[in-house]
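Visitor: The following comprises the amino acid sequence and a computationally predicted model.
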Amino acid sequence: MAQTYDDRKIVKAYRDLAREVVKREDLYRLMDQSALQEQTQHWLQKFQEREITERDRIYIFALVREAARRTVGLEAVMVQLIGAFVLGDGKIAEMKTGEGKTLVSLFVMYIEVLRGNKVHLVTANEYLAKRDREEIGRVLEYLGLSVGLNISGLEKEQKQAIYKADVIYGTAAEFGFDYLRDNMVRQSEDKVQTSLDFVLIDEADSILIDEARTPLLISDRKEEDLTLYGVADTLVRTMLTDDYEVEEKKRFVWLHDAGIEKAQRFWGIDSLYAEEHQPLHRITTLLLRAHFLMHKDKDYVVLDGEVLIIDPHTGRALPGRRFNDGLHQAIEAKEGVEVREESRTLATITIQNYFRMYKKLSGMTGTAKTEEEEFRHIYNMDVVVIPTHLRVNRVDNEDEVFYTREQKGEAIVYEVSWRYERGQPILIGTSSIKSNEWVSELLTKAGIPHQVLNAKNHEQEAEIIARAGKRGMVTLATNMAGRGTDIKLDKGVYTLGGLAVIGTERHESRRIDLQLMGRSGRRGDPGFSKFILSLDDELVDHFDNKRWESYVRRMKRKYNFDDKPVHSRKVHQLVIEAQKRLEGSNYDIRKDLLAYDEVIDIQRKKVYEERDRLLGIDKLGAFSERILREVAEDVFSEREPDLDAGYAKMGELLGGTKFPHSFDQVTLMSQEEAVEALIFWHRKQRTKFPTGTINQIEKEVYLNLLDQMWVMHLDQMVQLREGIHLRAYGQQDPLVMYQKEGAELFTNFQDRYHFYFAHALLELDPEGLVLG
Ligand code: ADP
Ligand code: MG
């Protein structure tokens, strides 16, 4: 994307500073390692007393630049320094592939540590975390900082050691999961993550936008009759087109009367919508969704008998992640693979809300400008486009649009074959596994050998990408598989025009197109890019606009037999408009996700805060009696208006306890008398315990109840969310309904665990106490 006026201003100002940095090249050259480490200590000390000035930054950058030159042999160039200044401002630096962003990260990480912050460096996958920790971590260590690598599957003690480091490398998911797990521990010593100070996110758009569509989730198994999924599958397989209606765009499917009758006959029930048949209704709906809304090799793949979600943007399979609330099981039944147990949400957070908790956030990537509005709106970050070090020598050609898929296929084969014969390396991009396989077939028929990179073989990603710049190599990849690894050109291919990128579809957003193109022409290399499209492409096909539809149909009728590309500005405009529309609706989906998560976010923060407070103290003290009092006041106030309900509640509170007064006696007391009698008795009971023991028990019991009920509450929130669209008709905004009912559920949850806590307090029996 082009620079804006503001970008140019910022870059210009920072260019002046960068010059000052380069001028001080010799300043640190003669210092040995220990002298440089002394510098680190010197600055650390200094910034405890005062803020960092512009002048300080120049000296610090010069110091870091020298350390990198010495340890990894890379001398940061002007644009890299400019990028580093931009990151220091908490912004996103857009720097093209191959510009050396890994090195840029070094400067801002170092300076943030000097300011007393802990730094988290987020990479797109663990392979990159390891790689960058090795390379850049070495420089940081040379300067006297400590560096950790946060990978999955480690023990608590290992994690704790890692989080002690100044700079920690890891994936977004791992940092996020650590946060969630930390809020499930029973004692604060078990926490691993220290503070959320500063985070720098590499491939920021991929993580903050694409990955942000799926929340992080910790779950366990839910007990359920799994055979029902298979049964419901046989039912849905008998459904004919008259039985149901599919709204593909809204991701919605429902039954017509004929379908409802069919289902009721099948299950042998009167009404599918009756309260008691809710489970059957739910499972039928799930199977309908699995069959008619979820598409194999687009939304998911089946690999070795397992259903894996495909990330719609990157085309990668997401192992370990499952569709929520039974949908995954429904797809498993549809595909005839083993149906695995349904999970229950124990803790969840969106990527957005996790990263918004950091005190400071910045990011770098090759493509961000197109999504600047989203970065601003959701993360409060500007995007600054940094110019490339060398001029980009890639030639980007105008799209070729054909009338039909077949014609497009021929054009792709033609374009690939003549380049292949010359020996030019070619990278072909597709946006789904299906079209990836289609193109692969065409190439095979034409006798063109090629390597394939898609969700099914992402493990070999780095190797495949490393080979992609070799003479005569044809690589077929879905979306941006292989981000973060560079395609380096063989010596002999520069004269052949470098890497040729051929896009076979426009992606869901322009940004992904640009990423694909950006694989070619890195660091001043020659390169070529072109998109070859057709009016049959899904992007155009899904564009529902009556005027366009009839226009496309006319064009096709008229020119179908003409295998030259369409030469019409209108058609090009159509493609662009369809893409814009899709970008907009995807953004809406993410905003929606966030708006709904905000409700839980507030609740989560409250609960986590309360947990933290509890973990930090060794006794509840007056707090526990206060809860008891509140609950008792509530329970004893209700016996007047409705004696039965009052009795029931009293029964729940006092049942199983040795409270010496009978219900009848209690009803004769005033509310105040009853409450005081209860408190008095409780105090007496309490003194019969050793002090340390009762304090510990109270805290344990309280935490236990809080956690158990919180998980139940989360589950209710998920169900509320699932059902809200079905219930919100007419004027009601489902989000507003969700907020309102979600708040009610939360109040309920708080009342409930306070109530059970009060009950548990009264149930404590000093005579029956078993210590240990
Ligand atoms: P990006 O993340 O921006 O795509 P990388 O950080 O992966 O780029 O760097 C791409 C390549 O450029 C790497 O091989 C790296 O060693 C090299 N590189 C980075 N900075 C410099 C520099 N200042 N001088 C020479 N080579 C550099
Ligand atoms: Mg990179």
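Guide: Received, thanks. Everything numeric in this text was worked out from a predicted model, so none of it was measured. Residues are numbered from 1 along each chain as shown. Ligands and ions are numbered 1, 2, ... in the order given.
Visitor: chain center to stretch 177-196, what's the gap?
Guide: Centroid separation for stretch 177-196 versus its chain: 19 Å, with Cα atoms, centre = their mean, to the nearest Å.
Visitor: isn't Phe375 right up against Ala368?
Guide: Yes: using Cβ atoms under 8 Å, Phe375 is in contact with Ala368, at 6.6 Å. Every residue, glycine included, has its C-beta placed from N, CA and C.
Visitor: With neighbour numbers in mind, choose between these two.
Guide: A side-by-side neighbour count of Phe375 and Ala368, using other Cβ atoms under 10 Å, places Ala368 first with 29 against 22.
Visitor: other SSEs contacting the strand or helix carrying Leu17?
Guide: For Leu17, the element it lies in under DSSP states H and E is helix 5-23. Helix 5-23 is packed against helix 54-72, helix 78-88, strand 383-385, with contacts defined by 3 or more Cβ pairs under 8 Å, 6 or more residues apart in numbering; DSSP states H and E.
Visitor: Need the CA coordinates for the second one. CSV is fine.
Guide: These are the backbone C-alpha positions of helix 78-88, laid out as CSV (Å, rounded to 0.1, in the frame of the first residue of the first chain):
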residue,chain,number,x,y,z
MET,A,78,18.2,3.4,7.5
VAL,A,79,14.7,2.0,6.8
GLN,A,80,15.2,-0.6,9.6
LEU,A,81,16.1,2.1,12.1
ILE,A,82,13.1,4.1,10.9
GLY,A,83,10.9,1.1,11.4
ALA,A,84,12.3,0.6,14.9
PHE,A,85,11.4,4.2,15.9
VAL,A,86,7.9,3.6,14.6
LEU,A,87,7.5,0.5,16.8
GLY,A,88,8.8,2.5,19.7
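Visitor: contacts for that helix?
Guide: 10-11, 14-15, 17-19, 21-22, 57, 61, 65, 76, 92-93, 95, 99-101, 103-108, 111, 200, 362-364, 384, 386-389 (Cβ atoms under 8 Å, 6 or more residues apart in numbering).
Visitor: Among those residues, which ones lie close to ligand 1?
Guide: Checking those against ligand 1 by Cβ under 6 Å from any ligand atom, the ones in range are 76, 95, 99-101, 103.
Visitor: From those, pick the one nearest ligand 1.
Guide: The closest of the ones next to ligand 1 among the contacts of helix 78-88 to ligand 1 turns out to be Gly100 (Cβ to the nearest ligand atom; 2.6 Å).
Visitor: And for that closest one, the neighbour number?
Guide: Counted with other Cβ under 10 Å, Gly100 comes out at 18.
Visitor: wouldn't it be in contact with Ala68 here?
Guide: No: with contact defined as Cβ under 8 Å, Gly100 and Ala68 do not form a contacting pair (10.3 Å).
Visitor: Need the overlap of contacts for these two.
Guide: Common neighbours of Gly100 and Ala68, counting by Cβ under 8 Å, 6+ apart, are 74, 76.
Visitor: Spell out which parts of the stretch 401-550 of the chain neighbour ligand 1.
Guide: Asp486.
Visitor: Enumerate the residues of the stretch 401-550 of the chain near ligand 2.
Guide: When proximity is defined by Cβ under 5 Å from the ion, the stretch 401-550 of the chain lies next to ligand 2 at Gly484.
Visitor: in the stretch 401-550 of the chain, which segments are predicted with low confidence?
Guide: The stretch 401-550 of the chain contains residues with pLDDT under 70 at 455-459, 480-482, 544.
Visitor: Please, where are all the helices along it?
Guide: Counting by DSSP state H, counting those that start in this stretch, one finds helices in the stretch 401-550 of the chain at the ranges 405-422, 433-445, 461-467, 510-518, 538-541, 546-559.
Visitor: Please render those as TSV that adds mean neighbour count to the earlier fields.
Guide: Below are the helices of the stretch 401-550 of the chain laid out as TSV (neighbours: other Cβ atoms under 10 Å):
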stretch	mean neighbour count
helix 405-422	18
helix 433-445	18
helix 461-467	18
helix 510-518	22
helix 538-541	17
helix 546-559	13
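Visitor: now those helices in JSON lines, with distance to Thr747?
Guide: Formatted as JSON lines, the helices of the stretch 401-550 of the chain follow (distance: least, Cβ to Cβ, whole Å):
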{"stretch": "helix 405-422", "distance to Thr747": "56"}
{"stretch": "helix 433-445", "distance to Thr747": "47"}
{"stretch": "helix 461-467", "distance to Thr747": "49"}
{"stretch": "helix 510-518", "distance to Thr747": "42"}
{"stretch": "helix 538-541", "distance to Thr747": "46"}
{"stretch": "helix 546-559", "distance to Thr747": "48"}
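Visitor: which stretches of the stretch 551-700 of the chain form helices?
Guide: Using DSSP H, counting those that start in this stretch, the helices found in the stretch 551-700 of the chain span residues 569-616, 622-637, 643-654, 663-668, 671-687, 691-727.
Visitor: mind listing the helices for the stretch 251-400 of the chain?
Guide: With DSSP H, counting those that start in this stretch as the criterion, the stretch 251-400 of the chain has helices at 257-267, 278-292, 327-334, 351-355, 372-379.
Visitor: Of all those, which one comes closest to Met709?
Guide: Closest of these to Met709 is helix 351-355, at 21.8 Å (criterion: Cβ to Cβ).
Visitor: tell me the mean pLDDT for the closest one?
Guide: For helix 351-355, the mean per-residue pLDDT is 94.
Visitor: ditto for stretch 362-377
Guide: For stretch 362-377, the mean confidence score works out to 94.
Visitor: Using PDB, write down the CA coordinates of that stretch.
Guide: Extracted C-alpha coordinates of stretch 362-377, given in PDB (Å, rounded to 0.1, in the frame of the first residue of the first chain):
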ATOM      1  CA  SER A 362       3.200  -2.600  18.600                       C
ATOM      2  CA  GLY A 363       3.400  -4.700  15.500                       C
ATOM      3  CA  MET A 364       5.100  -5.200  12.200                       C
ATOM      4  CA  THR A 365       4.100  -6.900   9.000                       C
ATOM      5  CA  GLY A 366       4.300  -6.700   5.200                       C
ATOM      6  CA  THR A 367       0.600  -5.800   4.900                       C
ATOM      7  CA  ALA A 368      -1.400  -3.700   7.200                       C
ATOM      8  CA  LYS A 369      -2.300  -0.400   5.600                       C
ATOM      9  CA  THR A 370      -5.500  -1.800   4.000                       C
ATOM     10  CA  GLU A 371      -6.700  -2.600   7.500                       C
ATOM     11  CA  GLU A 372      -5.600   0.600   9.200                       C
ATOM     12  CA  GLU A 373      -9.100   1.500  10.300                       C
ATOM     13  CA  GLU A 374      -9.500  -1.800  12.100                       C
ATOM     14  CA  PHE A 375      -6.100  -1.500  13.900                       C
ATOM     15  CA  ARG A 376      -7.100   1.900  15.000                       C
ATOM     16  CA  HIS A 377     -10.600   1.100  16.100                       C
END
